[in-house]
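S.K.: Fold the following for me, if possible:
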Amino acid sequence: MPRHSHPQRSTSVYNQDSLGHGCLLLPSIHGTAKATVAPRLSVHRRQTQPFPDCLTEGMPSGQSMLNIGKLLWERDPQEELMRRIWILFTTFSLVLGCGEPSGTESTAFDVKVMTYNVLCSFCPGLGADQHDPWAERAPLLRDLFAEYDLDLIGVQELTYTAPGANYSDEVRDLTGDTYGAIYYENAQLMDYPDATLLYRASRFAEHDRGFFWLSSTPDVPLSADFDPDGQLARLVTWAELEDLDSGEHFIFVTTHFDNNSPSQTLSAPLFLSRMKPLADRLPLIITGDFNSNLSTEAYSILTGSESPKLRNSSDLVPDGPRAIGPESDQNNYNWNGRIDHIFLSGQATYEVSDWFVDLRRSGANDLHLSDHHAMAAQIRVEPTAALAP
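M.R.: Model prediction:
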């Protein structure tokens, strides 16, 4: 059941223990794991380099090796051939096991993730719950990000400045010196990049990025044809990031499905098909305004797929999701009606220790910062596969 609570800050714990091993260990007859190797069988005597220490520890004495060799030579020739092959294979495996760690081990890392549709600055007030102008909301949004010490933020409905535009650089308004930003910078319609990724610049490094549009021609920029009555161009923004603390790579995604039907239902399978090759390779953290609540066909498509398998992070927190804000707002919050989500997928196992929706009001007029509510999760990511070459 959802929980009611008050704001609190949590601290990420980063697991940086090395999992590497310098040698392949085999069980000894004395119950202690030791590295072992079979005697070398060769008709030529030549000077050779010694085995690494991890292989010679516990090796039989010279006389024992001669006795073993005598027994081996006296066996049936066909049986002896198979034994020699096994010995060579085992020795080769042991040699490969020595030396430096292979680099394929993975290290778990913690991230604080938020998804937030911050309400476009050119959008009119909606209903009775009006909203303050962007100039007043922007510093409050920055304060919100700092309060929760966020690592990754998927933001929707941002605009940015361009020659002749009357809007501030809203991406820069939110990032400051703390966050790097990834968004489609060639937007033509009202300078509206919309789906934007923010990541803590001191902790993550970008290795790759990509964009595609939610349309029948997803690789054509600004294409939009899922709604026959017309719609805004909707896109998906993704990036491959490296966590500099652990060295692990992962994919961070945000999107904004159109709010007109049947666009959501048509966008969902396209989204999954484009996520699959990313999820097959790396951990996948997905944020967005999907304009799809838990009872919609689009949500069922997103969460019903087995490849890739998308898990809603709110379903993974042991104590259930919680709400922050006035008790009256918490009591009236429609949990099944939420359309913003943080999904997890890809090559990792996940632990979600906290998940919340922020229902608080702020500013001089005590208003919500947006017509959406910020949603955040504390997530431990434990990669289960190494970065593909």
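
S.K.: how much space between residue 273 and residue 267?
M.R.: Shown here: residue 273 relative to residue 267, a distance of 11 Å by C-beta to C-beta, to the nearest Å. For glycine as for every other residue, the C-beta is placed from the backbone atoms N, C-alpha and C.

S.K.: try residue 158
M.R.: Applying C-beta to C-beta, the value for residue 158 to residue 267 is 20 Å.

S.K.: Same question for residue 278.
M.R.: Where residue 267 is concerned, residue 278 sits at a distance of 17 Å (C-beta to C-beta).

S.K.: Which one's more surrounded, the two?
M.R.: residue 267 (27 against 22; other C-beta atoms under 10 Å).

S.K.: so that one sits in a helix?
M.R.: Yes. The assignment for residue 267 by DSSP: H, G, I helix; E, B strand; the rest coil puts it in a helix.

S.K.: Report the contact partners of it.
M.R.: Taking C-beta atoms under 8 Å, 6 or more residues apart in numbering as the definition of contact, the neighbours of residue 267 are 214, 226, 234, 257-258, 298.

S.K.: I'd like to know how many residues surround the nearest residue to residue 305 once chain neighbours are set aside.
M.R.: Across the structure, with C-beta to C-beta, 6 or more residues apart in numbering as the measure, the residue nearest residue 305 apart from its sequence neighbours is residue 272 (5.1 Å). For residue 272, the tally of surrounding residues (other C-beta under 10 Å) stands at 19.

S.K.: Could you identify the helix or strand that succeeds the helix or strand harbouring residue 272?
M.R.: Counting by DSSP states H and E, the element that carries residue 272 is helix 263-279. Using DSSP H and E, the next helix or strand after helix 263-279 towards the C-terminus is strand 283-289.

S.K.: Run through who's touching that following strand.
M.R.: Contacts with strand 283-289, where a contact means C-beta under 8 Å, 6+ apart, come from 111, 113-115, 117, 152-154, 156-157, 195, 248, 250-257, 275, 278, 308, 310, 339-348, 372, 379, 381, 383.

S.K.: switch to 7 Å and redo it
M.R.: Residues external to strand 283-289 that are found in contact with it (C-beta atoms under 7 Å, 6 or more residues apart in numbering): 113, 115, 117, 152, 154, 156, 250-257, 275, 278, 308, 310, 339-348, 372, 381, 383.

S.K.: helix or strand right after that strand?
M.R.: In the C-terminal direction, the helix or strand that comes right after strand 283-289 (DSSP H and E) is helix 297-304.

S.K.: Span of stretch 169-178 from start to end?
M.R.: End-to-end distance of stretch 169-178 (C-alpha to C-alpha, to the nearest Å): 16 Å.
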